[in-house]
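Enquirer: Need coordinates for the following:
(chains A, B, C and D)
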There are 2 protein chains.
Amino acid sequence: MSIEDDAVEVRAQGWRTLAALHGLIESELEKSLQSEHRLSVVEYTVLDVLSRQDGWHMRMQQLGRATALSPSATTRLVNRLEDRALLTRILCLDDRRGIYTELTAAGQELLTRARPVHDATLERALADARELPELAPLVQALPSLLPA
Amino acid sequence: MSIEDDAVEVRAQGWRTLAALHGLIESELEKSLQSEHRLSVVEYTVLDVLSRQDGWHMRMQQLGRATALSPSATTRLVNRLEDRALLTRILCLDDRRGIYTELTAAGQELLTRARPVHDATLERALADARELPELAPLVQALPSLLPA
DNA sequence: GATAAATGATTGCACACGCAACTATCCCGC
DNA sequence: GCGGGATAGTTGCGTGTGCAATCATTTATC
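Expert: Okay, here's the model as predicted:
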């Protein structure tokens, strides 16, 4: 019993730490990307993830999963970026329900300018977090968890 | 140069992983807490953090920091919970600008009922995440990062 | 001790979000 | 090849959020 209770508490504590670090980083990114390039974090994420699909298109649904957004929010997010001519919708030929999205040159260009801001802010936010005792271990461990 | 570029990319990758795991867990918690107890994740967080301040009160600002919420959002969050009689505002005597908040018996009771739902959902969400190759390492490492 | 700057919290406003309902397209069984 | 169910995406609507401006109180300056 006590052992299982401990496991529950450890998970909850881990989640609180994760959420705290996430919240800190996200609000820093939000402020800097918004003020420098009028981009929200999730908008930047879309541009970034699209740029990584080198040559490949992405469906709305995949975009929604990549951003943890609902279908309706995904639609409007793509609308906003399309209105700013940062990406284009491309109708799917083999499945005409589906819609692909693709970065425009302007989108690619904005991403190129925004990326340094994003990266610098991320570095600063992580440095700040490393000063907080409850976040430091997670920040410290993060880089070693990637190669899968 | 290349080494520094790598560090930038590693940080970005770590952030994407962190954000992905956070998004997955948060949407699961949101769904279960909302449907079972009409609580959002951030509302649950407030009840939880207040219950941990055993005997101690918390100022609005501290609540805002604990939830990564703006002052205005904090005000309205406390309004919602106060309207449901889950917590009470207590004026600060030594600094009459400040406002303390305290769980009511009903708030404590609701938290007691919601906590099992929260914990079970968290366990399930982490198990799901462990199945995803890109998230598994972070999920695996999380429990070991806590004692600070 | 009066005025100015700073701090804690609240309100007006615009906007992004999720849910549920809807449309359009595809796929399956017969 | 036709009707019913599933799937991809969009829209109406209510609500939670951040920013900027505001009010109340405290603290600093003279």
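
Enquirer: so what's the residue most central in space within chain A up against?
Expert: The centroid of chain A falls nearest to A:Thr45 when counting by Cα atoms, centre = their mean (4.1 Å). By Cβ atoms under 8 Å, 6 or more residues apart in numbering or on different chains, the contact set of A:Thr45 is A:66-67, B:19. For glycine as for every other residue, the C-beta is placed from the backbone atoms N, C-alpha and C.

Enquirer: need the strands for chain A, in chain order.
Expert: Assigned by DSSP state E, chain A shows strands spanning A:58-59, A:87-91, A:99-103.

Enquirer: As JSON lines, those with mean pLDDT, mean neighbour count and distance to DNA strand C would be great.
Expert: What follows is the strands of chain A, written out as JSON lines (pLDDT from 0 to 100; neighbours: other Cβ atoms under 10 Å in any protein chain shown; distance: least, Cβ to the nearest atom of the strand, whole Å):
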{"stretch": "strand A:58-59", "mean pLDDT": "95", "mean neighbour count": "18", "distance to DNA strand C": "13"}
{"stretch": "strand A:87-91", "mean pLDDT": "96", "mean neighbour count": "14", "distance to DNA strand C": "9"}
{"stretch": "strand A:99-103", "mean pLDDT": "96", "mean neighbour count": "19", "distance to DNA strand C": "11"}
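
Enquirer: Format these as a markdown table; extra columns: distance to B:Asp95.
Expert: As requested, those are exported to a markdown table (distance: least, Cβ to Cβ, whole Å):
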| stretch | distance to B:Asp95 |
| --- | --- |
| strand A:58-59 | 52 |
| strand A:87-91 | 50 |
| strand A:99-103 | 52 |
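
Enquirer: Mind putting the ones you listed into a markdown table with distance to chain B?
Expert: Formatted as a markdown table, those follow (distance: least, Cβ to the nearest Cβ, whole Å):
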| stretch | distance to chain B |
| --- | --- |
| strand A:58-59 | 15 |
| strand A:87-91 | 19 |
| strand A:99-103 | 18 |
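
Enquirer: quick one on the thing from earlier: any idea which of the contacts of A:Thr45 has the most stuff around it?
Expert: The most crowded member of the contacts of A:Thr45, judged by other Cβ atoms under 10 Å in any protein chain shown, is A:Ala66 (22 neighbours).

Enquirer: got the contact list for the residue lying closest to that one once chain neighbours are set aside?
Expert: Spatial nearest neighbour of A:Ala66, chain neighbours left out: A:Val49 (5.0 Å); criterion: Cβ to Cβ, 6 or more residues apart in numbering or on different chains. Residues near A:Val49 by Cβ under 8 Å, 6+ apart: A:58, A:63, A:66-67.

Enquirer: how close does the residue nearest to the centre of chain A get to DNA strand D?
Expert: 17 Å (Cβ to the nearest atom of the strand, to the nearest Å).
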